[in-house]
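1. No sequence on hand, only this structure:
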C-alpha cells in the first residue's frame, strides 16, 4: 500500500463538487460548510466559561486513575500531582494543546477518495456507536450479532450522507468481549472503504487495531498518517480511568486520532445547569487532550462532547431537549476558540421505536449539531433508546437527515444562475415556473430529494399501502442489503488480516469482559 | 371593556418570568429571545437580494387584480401603474414601510395577561391554519367540523407553549362557507382568552371580525389598539387578488394587523433556486406591506413567508428539506433589516400520519424558525399532509416542541447559580451530582420536561403498553378536552356576540363560496 496515491486536493475537490451536483453524493469525505456557525454565547460568556474551567482544573483537578504513566507525564509538565489527583496551573492544558494539536487532520481511508478531513469548516457524518441491541420491524428488539454489525457497515457504506464507517456500530454480542474487536475492525475494512474507528476497551485491543491497520496501509504510512479515529470517554465527573487512558496512549503513540469525550448526563454526572455542565466539559476535554499531546505532541485529538439531561423525576436520560442543545452550541464555540476539531451530536433520542418521538428528538440534536459546527458527528444514524439500541429503520431515516444537513451546510448559491432574475423576468406575475427555461436547466440538481419521505397525495399514499416512514425505511434497508456489493480489497491484504486475526485469537482464551 | 387594564409591563414581565420558572408556563404572551439570530447570508449577500428585489419591483412589477383602489393609491404614491401592473421606483416600497410601519406591536387579548407583543426579540407560537380535514387515531382522516374547531381552540388555550389562538385552526366544513367565520371568531373569543386571527375570505367577513371584536374590546379601544392579526396571502408570483386586498384594506382601515405572506411552492410559484425565491418573497412582501401603509400609515404589518419546495419529480410540495430552511433564514434577516416583524415557520410536513416523517420535517422547520427569528410562528402545531389536515396527535407533539423552543430561546443562565462552580467543588471527581445541594436547590426548574416523550426504560415502557408517541399524544388531548374549563367571559359580551351573529346570519342566504 506504500504507493497508494495521496489525495490530490484539487482533483478530489473538483470531483466532490461535481458529485454534489447530483441528488445523491456518491463520493465525498465530508460536508463543506459555507454558512456561519451559530453561537449562543458572546465573547464575554465564553471567556467566563473558560475562566471557570481553569478554576476547576486548578482548584479541583482531574483524577487519572490507575495509570502511573499519566501522573508521571503530568508531573514533568509542571502539574501538581497529589495521589491520582492532578491539579493544573491556569492555562497549562490550553497551552500544551495549542502548542502541538492540529487544528484539522486527514483520516485516510483505504479508498483515498473517501479520506476525511476532520476539523475546520467541515462536517463528517458517522453512524451511531455502542449499542448492545438492534431493532427492526421484522424481528423487534434483540441482542446485536456480528451479522448486524456487518449489515450496518454495509448500509453505512451505501449511504451517501454518511462519510465515515464509525466504530462499534453495534456490539456483536455473539462474540466474546475480548475478541470481538478483531471482527469489528475486519468488517470495517472488508465491507467498506470509508474511514473507521478502533477498539478502546483495552490497550491491547487498541494495539490490535493499529496492527491491523498496518496490514492495510503499511507500517511507514501509519507512522506519518492517521488512519484510525477512536473514542475515549472521560469518566465524568473529572476522572479518566486506566482503560481509556491505556487505549488513548496506544493511539497517540502511533499517531492515530482520539476523540476525548466527556460523557455527561447533566444533573447526575455534571451540575444541573447548562453553564456548569459546559464548564466541566471544557475542563475534562482540556485535561484529556493535553494528556494526549504529552504522550505524542501533534497526535490528532478531537474535543468531544456527549451531553444529555437526566429527568429530575426518574433519573432517566432525556434527548432533544433545549438544555443539551445549548450545551452543544457553547461547547462547539469553545472548541473553535481552542483551535481543535469538535465532536458531538447525532440523531439522539430516548424513544424505543422509530416513531415521532424518535424523530423530533433526533432532528433537534441533528440540527443543533450541524449549526453549532460539529466536525465529527458521531451517532448521526441509527440511535434509539438512549443508545441501547441500533435501529435499522432509524438508521435509514437519520441517514436521510444527514444528507439534508449536508445540503444545508452548503448555504445559498448567489451565482447569477442562483439569483434567477431572468427566470423572474421570463415568468412574470400570475404564471408558473415549472416550464420556465431556468427551471428546466436546474431541476435535476434543484431541491433535496428524500429517499424515504412520502410527498404524494393522500389518495396515492393510500394506494401505496398507507405505509408510515418506518415501514418505508424498512423496505429501503432490505433493498440496500440486497443490492450491496463490497468494494474491492486486495486479496493479499485480506489474507494478511484473516491470518493475523486467526493467530491472535488463538493466543488467549475467550473472555466476556 | 373601556376600563380594562392596560398591560403593566413591569408586573407582567415579572409574572411571566416567575411562571417560566415552572415546568409549564401558564401565562406568557410570547417567548423571549436571549440568543442571537442565525444568519446564513452576510451583509453583501443580503444587499444583493435587496437590490434584486428592487429590480423585480421596478422592471417586472406586481399585479393588483380587480381592486381599483390599490391602483389609485399606488398612482398617488408615485408608482407606475399600467393596467393592473404596478411598477415601483427603486426604494419606494421600502421607504413607505419604514416611514410608518411599527417595528413591533401589541396584539391585545381579552385577558390582558395574554397580550402578545409581536416583533423584536420575541416569538409568538400560533397553531396551524386552514386545513379542511382533521385526523386522530380514533376516527382517522375526515372533514373538519365546528366541533373540531372548538376542540383545537380549547387545546390551544390549554397549551402553555402556544401563545396565540390562531385563526382558521381547521375549516368547519359543516357550516356554509359564507357564514362559518362568525362561528370561528366566536369560538376564539368564547373558548379562549388568547389573541386570535380574523377572517380574510371576503372584505365583509373581515368587517364582521372587526365588528365582533368591537363588542368585546369596545369601539374606541379598537381604533387605537390592535386586537386581531390576520393572514393575507399573495397570489405568487407577483400578484395580489381582490379578495386578499379587500380583507387587508378593511383590517388596515381599522388599525388591525395583517401578515402579508408570499405563499410559495418554490419551483412552481417562484424560481427553482433559493436566492431567486427569496428575491421574489422580498419583492412581494415589500409591495404588500407598503400597500397596507398607504391605506393607513402605522397599521401593523408583519412580513410573512411560507415557502416549501416542490418535488421536481411529482410537483408535490416537500417540507423539512434544506432549501426552504435556507429561504427562511434569509427572509428573516431581510425582515429585520427592513424593521418589521416576521412570520414564517411552524411544524410543517408532508406526512399523512404523526409518524417519524412528520416529526423530522416538523422539527427541522421549527428549529429553523426559532433560530432564524420568527416573531409570529403560524402553523406551530397540528399541521399534517401539506396543510390539508389538522392532526390532534400532531398538535400535542408540536405544542411540546414549541415549549422546547421557548426554553431554548431563553439561552444560557450565566448567573452565579448557573455557573455552578460550588456544585463542582462540592462533588469533585468520580462522584455524582444527584444529591448535591446545588442540584437539590435547582432541580424543580432544571431541564425541560416533555409532556409526551417516554424516557423510561424499555421494560417500563413495555409494561405501560408499548405505546408510540402518537398513542401517548392521543391520550393527552383526550384528557385535556376532558379537563377543559372555559375562561370567564362577561355574559353581556357573550350575549352581544350571539345576538350579532344571529342577526348577521339572518341577513343573507347560506352559500358555499
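-> Nice, I can see it. Note that the structure is a prediction, hence the values are computed from the model and not measured.
2. tell me, how many neighbours does the residue nearest to residue A:172 when sequence neighbours are not counted end up with?
-> Closest residue to residue A:172 in three dimensions, ignoring its sequence neighbours and counting by Cβ to Cβ, 6 or more residues apart in numbering or on different chains: residue A:146, at 4.0 Å. C-betas here are computed from N, CA, C, even on glycine. Residues lying near residue A:146 (other Cβ atoms under 10 Å in any protein chain shown) number 18.
3. Name all residues that make contact with residue A:146.
-> Counting by Cβ atoms under 8 Å, 6 or more residues apart in numbering or on different chains, residue A:146 touches A:172, A:174-175, A:180, A:183, A:187.
4. Now neighbour count, secondary structure and pLDDT too, for the residues you listed, in TSV please.
-> Formatted as TSV, those follow (neighbours: other Cβ atoms under 10 Å in any protein chain shown; DSSP: H, G, I helix; E, B strand; the rest coil; pLDDT from 0 to 100):
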residue	neighbour count	secondary structure	pLDDT
A:172	24	coil	98
A:174	14	coil	98
A:175	18	coil	98
A:180	21	helix	98
A:183	18	helix	98
A:187	21	helix	98
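5. which two from those residues end up farthest apart in space?
-> A:174 and A:187 (13.3 Å; Cβ to Cβ).
6. Give me the local confidence score for the closest residue to residue A:130 other than its chain neighbours.
-> Nearest residue to residue A:130 in three dimensions, chain neighbours excluded: residue A:168, at 5.1 Å (Cβ to Cβ, 6+ apart). On pLDDT, residue A:168 comes in at 98.
7. Assign residue A:168 to helix, strand or coil.
-> Put simply, residue A:168 is coil when judged by DSSP: H, G, I helix; E, B strand; the rest coil.
8. got it, and residue A:48?
-> Three-state call for residue A:48 (three-state DSSP): helix.
9. Can you give me the distance of it to residue A:262?
-> Going from residue A:48 to residue A:262 by Cβ to Cβ, to the nearest Å gives 19 Å.
10. The two - which one has more neighbours?
-> Using other Cβ under 10 Å, the more surrounded residue of residue A:48 and residue A:262 is residue A:262, with 28 against 17.
11. so that one is in which element?
-> Using DSSP states H and E, residue A:262 falls within strand A:257-266.
12. Once you drop chain neighbours, what's closest to the residue in the stretch 201-350 of chain A that chain B sits nearest to?
-> Residue of the stretch 201-350 of chain A nearest chain B, by Cβ to the nearest Cβ: residue A:276 (2.6 Å). Counting by Cβ to Cβ, 6+ apart, residue A:276 lies nearest to residue B:420, which is 2.6 Å off, once chain neighbours are set aside.
13. so who does that neighbour touch?
-> Under the criterion of Cβ under 8 Å, 6+ apart, the neighbours of residue B:420 are A:271-273, A:275-277, A:279, B:438.
14. now do 10 Å
-> Residues counted as contacts of residue B:420 (Cβ atoms under 10 Å, 6 or more residues apart in numbering or on different chains) are A:52, A:270-280, B:413, B:426-427, B:433, B:436, B:438-439, B:442.
15. Show the backbone phi and psi for residue A:256.
-> phi -100, psi 150 (degrees, to the nearest 10).
16. pretty sure it contacts residue A:300?
-> Yes. Residue A:256 is within contact range of residue A:300, at 7.7 Å (criterion: Cβ atoms under 10 Å).
17. which residues do these two both contact?
-> The contact sets of residue A:256 and residue A:300 overlap at A:107, A:226, A:229 (Cβ under 10 Å, 6+ apart).
18. Most neighbours among the residues you listed, which one is it?
-> When neighbours are taken as other Cβ under 10 Å, the top entry among the shared contacts of residue A:256 and residue A:300 is residue A:229 (30 neighbours).
19. Identify the contacts common to residue A:174 and residue A:187.
-> Common neighbours of residue A:174 and residue A:187 (criterion: Cβ under 10 Å, 6+ apart): A:146, A:149.
20. picking that back up, quick one: is the strand holding residue A:262 near chain B?
-> Yes. Residues of strand A:257-266 contacting chain B under Cβ under 10 Å from any Cβ of the partner chain: A:264-266.
21. Next SSE downstream of that strand?
-> Where DSSP H and E defines the elements, the next helix or strand beyond strand A:257-266 is helix A:274-295.
22. Can you check what angle separates that following helix from strand A:257-266?
-> With axes from the mean of the first three to the mean of the last three Cα atoms, to 10 degrees as the basis, helix A:274-295 and strand A:257-266 are set at 160 degrees to each other.
23. mean confidence for helix A:274-295?
-> Mean predicted confidence for helix A:274-295 is 98.
24. For the stretch 251-400 of chain A, give me the ranges with low pLDDT.
-> Residues of the stretch 251-400 of chain A that meet the criterion pLDDT under 70 are absent altogether.
25. hey, where'd the helices end up in it?
-> Under the criterion DSSP state H, counting those that start in this stretch, helices of the stretch 251-400 of chain A are mapped to A:274-295, A:322-338, A:356-372, A:392-409.
26. quick one: which of those is nearest residue B:409?
-> Ranking the helices of the stretch 251-400 of chain A by proximity to residue B:409 (Cβ to Cβ) places helix A:322-338 first, at 8.5 Å.
27. got the buried residues for that closest one?
-> Within helix A:322-338, the residues scored as buried using 16 or more other Cβ atoms under 10 Å in any protein chain shown are A:322-336, A:338.
28. Is it in proximity to chain B?
-> Yes. Residues of helix A:322-338 are located near chain B by Cβ under 10 Å from any Cβ, namely A:322-327, A:329-330.
29. now those as JSON lines including distance to residue B:200?
-> Output for the residues of helix A:322-338 next to chain B, formatted as JSON lines (distance: Cβ to Cβ, whole Å):
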{"residue": "A:322", "distance to residue B:200": "34"}
{"residue": "A:323", "distance to residue B:200": "39"}
{"residue": "A:324", "distance to residue B:200": "40"}
{"residue": "A:325", "distance to residue B:200": "36"}
{"residue": "A:326", "distance to residue B:200": "38"}
{"residue": "A:327", "distance to residue B:200": "43"}
{"residue": "A:329", "distance to residue B:200": "38"}
{"residue": "A:330", "distance to residue B:200": "43"}
